[in-house]
Structure formats: structure tokens, C-alpha cells
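Trainee: turn this into a structure:
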Amino acid sequence: MTQPCRFRLEPGAKSPVGSLNNNLSNIKIATPIFGSAKAFLDRLSGSYTDLQRSRIAETYYALKASSILAMVDKICIRLLTEADSLLNWAAVSGGAVKYGATFVPGVGFTFDGVDDYIDTGFTPVKYAIGNASIFSFLPLGIGESSKAVMGRANGMLNRSLYPSQTSGTSATSRVNTETSLSVSYSGSRIGLWCASEVAGQQQLHHDGTLLGESSPEISPMLNNGLNICRSAIGAHGDWAVSAWGYGAALSAAQQATLSAAIKALHAVI
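Mentor: Numbers count the residues shown, from 1 in each chain. Reported below is the predicted structural model:
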């Protein structure tokens, strides 16, 4: 005989941090998972709870609905395991490769500033002169402002992203140029940093907020190499990084969506 399903609602009860609510009770809303989102979940090797799988699917749908997945060549986001955190959300291939970096659950990848880095496997397709961006999410407020979060493998400054130190007063970036865009900035470095080049105009955003722009001389796109916490042999950063990617230039609204989606995902993973 089938037993009835029993449950009760308790006044003041709260759902786990990061779960979805229906505004009428503390019952979580189930998220149907299908299509490309399910295909991505099937690639994961970690042991995820139903809530975590639901949040991953919500993140995937948010990035797809805002056209972010269609615009980028690569995006990697920290999940439960090191292997899952190096997967490319934008395609079924082209994951990143770790060289010495340490995976810290609940944080992301940390780097010693000496010889650790991650090779993003830079293969520019949607990234191009006149419409390109690189982006990285910093979960902690530590690191050296004089060292790149993202940089060219051979030391040339055609692509790089240097957020400010907590005590610093500036942040710099370069995309398809050897001329730095330097902006005045002394706020928190936690969040999404995105450097873009749009029709010759350099832009630097933090969590979707434009910090500054300029029109430097644009260099021919150089295709080789893009690393996390390495800008040349012997030039390494000591940041903690929990997401990164590159591709076509994302709008301010798309960057804000991406930052919010990463923060919501990291609230439960």
C-alpha cells in the first residue's frame, strides 16, 4: 500500500542559503534540468546534492539566456572538484590545464606567485580585433597589484588584467594593444573583472560597472597564450581566482548577470 507523503511547514523556517523560494512557503522550487544544461551536468565528476545540481542548472540557464555562452570561447567556474572547475561551460571541449596551482574547495585556485599558473588553452574564435574581452572572478581580496591575474604567456602585453591592491589606487588592463588602460580604483577587488576592446575603445569593468575607457593604438591580435596568474616566464601573481574566460566583448548588463550568477552558485558550492 502506498504511504502518503507527509510534510509540515514551520513558522520562521528558512531554506538553505542559495536555495530558491516560492514566496508562499519555505518549500524549495525544483528546477527541471534538460538539454544542454543536463549534458553539462553529465560531464561533472563530483558528488553534488540536488540543491547544488539545481543551482548549476540555474547558472547555466542564466548564462545561456543572456547570450553569454554563445559569445564566449571559454568560461570556467569553480565547482566541487578541481577537474570540474577546469571544464569549459561554453563548449564540450577546450578545458583549462593547471600547472602547480592549488585547488581550494569553496575558494577556487590559489597561486604562490613564484611558478604556479593555469593555461587557459587560448583558442580565439569569437575573440577578435574590435570585439574582444577577457574576464576573471576574484573571490578573495588578496594578491599583488603589480602582477597580472590574466596575462600573455610570452610576456608581451597584448592581453592582461591587473586589478588594484586593497591599498592601491589604480587598476590596469590591455586587450589587443600594448598601451595600458589605467583607471583610478581603490575599492574591493572581490568580484568579476572584465577588460574589453570594442571597435578600438578599451574598457575596464568591475561587476558590470564601467571604471574607465580610452582609445589607444590597437595592435594586431596575437593568438598565442593566455594564462591565469602568469604574464611571462618568472612573472607570476599570487591571486585566488574562481572563474575566468574570454571571447567577444560582453555588455555591462551581461557582466553584471555573469557576476551575480557566479556569486549565487558559489553560495551553495
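
Trainee: identify each buried residue in stretch 212-219, please.
Mentor: 212, 216, 218-219 (16 or more other Cβ atoms under 10 Å). Yep, even glycine has a C-beta here, placed from its N, CA and C like the rest.

Trainee: reformat those residues as TSV; add secondary structure.
Mentor: Shown next, in TSV, are the buried residues of stretch 212-219 (DSSP: H, G, I helix; E, B strand; the rest coil):
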residue	secondary structure
212	strand
216	coil
218	coil
219	coil
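
Trainee: tell me the one of those nearest residue 171?
Mentor: Taking Cβ to Cβ as the measure, residue 171 lies nearest residue 212 of the buried residues of stretch 212-219, at 8.5 Å.

Trainee: which of the buried residues of stretch 212-219 sit farthest apart?
Mentor: 212 and 219 (19.7 Å).

Trainee: thinking again about what came up before, dump the buried residues of stretch 212-219 to CSV, plus distance to residue 161 and pLDDT.
Mentor: Listed next are these as CSV, based on distance: Cβ to Cβ, whole Å; pLDDT from 0 to 100:
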residue, distance to residue 161, pLDDT
212, 14, 96
216, 15, 90
218, 17, 88
219, 17, 83
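
Trainee: now residue 257. Nearest residue, chain neighbours left out?
Mentor: Nearest residue to residue 257 in three dimensions, chain neighbours excluded: residue 66, at 4.7 Å (Cβ to Cβ, 6 or more residues apart in numbering).

Trainee: how many neighbours does the one you found have?
Mentor: 19 (other Cβ atoms under 10 Å).

Trainee: is the residue nearest the centre of the chain bridged to anything, and to what?
Mentor: In the chain, the centroid-proximal residue (Cα atoms, centre = their mean) is residue 243; its distance is 3.0 Å. Beta-bridge pairing for residue 243 (DSSP bridges): residue 77, residue 137.

Trainee: for it, what are its contacts?
Mentor: 75-78, 108, 136-137, 192, 262 (Cβ atoms under 8 Å, 6 or more residues apart in numbering).

Trainee: ok, so of the residues you listed, who is nearest residue 91?
Mentor: Among those, and counting by Cβ to Cβ, the member closest to residue 91 is residue 75, at 9.5 Å.

Trainee: pLDDT score assigned to the closest one?
Mentor: Residue 75 carries a pLDDT value of 98.

Trainee: now do the SS call for it.
Mentor: Criterion first, three-state DSSP; result for residue 75: strand.

Trainee: go on, the one 4 residues further on?
Mentor: With three-state DSSP as the basis, residue 79 sits in coil.

Trainee: how about it, what does it touch?
Mentor: Residue 79 neighbours (Cβ under 8 Å, 6+ apart): 44, 46, 56, 85, 87, 269.

Trainee: cool, residue 67 as well?
Mentor: residue 254.

Trainee: any idea how far it is from residue 197?
Mentor: Using Cβ to Cβ, to the nearest Å, residue 67 is found at 19 Å from residue 197.

Trainee: columns distance to residue 174 on top of the buried residues of stretch 212-219, output as a markdown table?
Mentor: Listed next are those as a markdown table, based on distance: Cβ to Cβ, whole Å:
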| residue | distance to residue 174 |
| --- | --- |
| 212 | 13 |
| 216 | 8 |
| 218 | 10 |
| 219 | 9 |
